[in-house]
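Enquirer: Model the structure of this input:
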Amino acid sequence: MSKNASQPPASVSGNSESWAAKIGFWGSILASVALLIWFYGFEQRYGPSRGQSAFDWIYSAWNGETDYEHGLLFPFVIAGLVFYRLKDLKASVTLGSLWGLGAALVGVLLYIAAYRTLQPRIAMVGLPFILWGSAWYLWGWRVARMLTFPLFFFWLAIPLPSFQQATTQLQLLATSLAHHGSGLLGVETYVEGTKVLPLKGSWAPLDIAKGCSGIRSLMALLMISAAWAYMAKMALWKRVLLFLMAFPLAILGNALRVISIFVIAEYGDAKWAVSTWHDWSGLLLFYPFSLTLLLVTHSVLEGGLPWKTNQQRQVRRVTVTRTNS
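Expert: Predicted structure coming up:
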């Protein structure tokens, strides 16, 4: 028997090493995912009684008191944005980069800072860094670049410590706009702080509370306009402008909603206006008005309705094939 006969073929040895490398690679990935789930989903360190995980805290923070009730929609919106670019993401996969580990390390350091300071917001700020850096390390820069917006879009879902100052200013602005706007429609009122009182009508004074300041509508519209701008096929500065339009549109839409309450109270049923219509006017008036103006803004920036301009671009594309004579 020859000496070489007792040794396994080179191809078998190479396959064994390849399988070992794959097992080690995916094993490290699964271990990293398990650690991420543990520290964010099970490690109870946060909240008033220090009995909440980071995910528990942000879920409980998405409520009406923080004006972030729309936060529950963020995971679905982010998943939709990733799915929207899924085909491009698959086509852009290249060799990973160690720079991705550096980006992920930033997220890890932020979590450590959150763990030491008991601040769950810092932990949630670090989560996109961990996911983004991991994508960069595994699939390359092109994939990471495409995932930049969908992942860091999550920052808009993190409730800020306090909206008191912004809410107060918006309350005063909403009160002023409602007072002057209703006057244009024949509803004469006068203002005491954030309270609007009728001069002639029999309806009770209406107070522009924090919920009517427009802060909730503004935060929700920021989420919508950001996702809209990301999907728009326009220059970057136009996308930024489209996103920033959420601020004036939210203020105008909320003012229109409050004015409608005063008008209905003056000329119709005051009790129905401050109860049923107050609760439903956001869905039936604010969002149709704001989204319509957002579409108008998009159309102006793009020079036509988005779906029509996209069709025109496709028609203008000319495929040139070279034939050998």
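
Enquirer: can you list the domains in this protein?
Expert: Domain assignment of the chain by automatic domain parsing yields the ranges 50-158, 164-315.

Enquirer: so what pLDDT did the closest residue to A157 other than its chain neighbours get?
Expert: What sits nearest to A157 in space, not counting adjacent residues and going by Cβ to Cβ, 6 or more residues apart in numbering, is F74, at 4.0 Å. All C-beta spots, glycine's among them, are computed from the backbone N, C-alpha and C. As predicted, F74 sits at a pLDDT of 92.

Enquirer: where's F74 relative to A220, distance?
Expert: F74 sits 11 Å away from A220, going by Cβ to Cβ, to the nearest Å.

Enquirer: which regions of the stretch 201-325 of the chain sit below the pLDDT cut-off?
Expert: The stretch 201-325 of the chain contains residues with pLDDT under 70 at 201, 209-214, 309-325.

Enquirer: what do you get for the stretch 51-200 of the chain?
Expert: Checking the stretch 51-200 of the chain against pLDDT under 70 turns up 162-167.

Enquirer: That one: strands as residue ranges?
Expert: Using DSSP state E, counting those that start in this stretch, the strands found in the stretch 51-200 of the chain span residues 189-192, 195-198.

Enquirer: partner strands of the last one, parallel or antiparallel?
Expert: Each strand that strand 195-198 pairs with, and the sense of that pairing, follows from DSSP bridges: strand 189-192 (antiparallel), strand 206-207 (antiparallel).

Enquirer: And those: which comes nearest S32?
Expert: strand 206-207 (51.7 Å; Cβ to Cβ).

Enquirer: ok, and what's touching the following helix or strand past the closest one?
Expert: Later in the chain than strand 206-207, the nearest helix or strand by DSSP states H and E is helix 215-231. Around helix 215-231, the neighbours that count as contacts under Cβ atoms under 8 Å, 6 or more residues apart in numbering are 64, 67-70, 73-74, 77, 80-81, 84, 149-150, 153, 156-157, 163, 166-167, 170, 239-240, 242-243, 245-247, 249-251, 253-254, 282, 286, 290-291, 294, 298.

Enquirer: What subset of these is buried?
Expert: Using 16 or more other Cβ atoms under 10 Å as the burial test, the contacts of helix 215-231 include 67-68, 70, 73-74, 77, 81, 149-150, 153, 156-157, 163, 167, 170, 239, 242-243, 245-246, 249-251, 253-254, 282, 286, 290-291, 294, 298 as buried.

Enquirer: if we can go back for a sec, from the strands of the stretch 51-200 of the chain, which stretch is densest packed?
Expert: Comparing those by mean neighbour count (mean count of other Cβ atoms under 10 Å), strand 195-198 ranks first with a mean of 18.

Enquirer: ok, the residue nearest to Y137 when sequence neighbours are not counted - contacts?
Expert: Distance criterion Cβ to Cβ, 6+ apart; nearest residue to Y137, sequence neighbours excluded, is G100 at 3.0 Å. By Cβ under 8 Å, 6+ apart, the contact set of G100 is G133, S134, A135, W136, Y137, L138, A144.

Enquirer: if we can go back for a sec, looking at the domains of the chain, which is closest to A31?
Expert: With Cβ to Cβ as the yardstick, what comes closest out of the domains of the chain is domain 50-158 (12.5 Å).

Enquirer: distance between the closest one and the chain's centre?
Expert: Put simply, domain 50-158 sits 11 Å off its chain's centre (Cα atoms, centre = their mean, to the nearest Å).

Enquirer: same check, this time on stretch 155-174
Expert: Worked out by Cα atoms, centre = their mean, stretch 155-174 lies 17 Å from the chain centre.

Enquirer: Please save the CA atoms from it in CSV.
Expert: Provided in CSV are the C-alpha atoms of stretch 155-174 (Å, rounded to 0.1, in the frame of the first residue of the first chain):
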residue,chain,number,x,y,z
TRP,A,155,-34.7,57.1,15.9
LEU,A,156,-37.9,58.9,15.2
ALA,A,157,-39.7,56.2,17.3
ILE,A,158,-37.7,56.9,20.4
PRO,A,159,-39.7,59.2,22.7
LEU,A,160,-37.8,62.3,23.8
PRO,A,161,-37.6,63.0,27.5
SER,A,162,-40.1,65.9,27.4
PHE,A,163,-42.2,67.7,24.9
GLN,A,164,-43.5,70.3,27.4
GLN,A,165,-41.9,73.3,25.9
ALA,A,166,-42.7,72.4,22.3
THR,A,167,-46.3,71.5,23.3
THR,A,168,-46.8,74.8,25.0
GLN,A,169,-45.6,76.8,21.9
LEU,A,170,-47.8,74.7,19.7
GLN,A,171,-50.8,75.2,22.0
LEU,A,172,-50.4,78.9,21.7
LEU,A,173,-50.0,78.8,17.9
ALA,A,174,-53.0,76.5,17.5
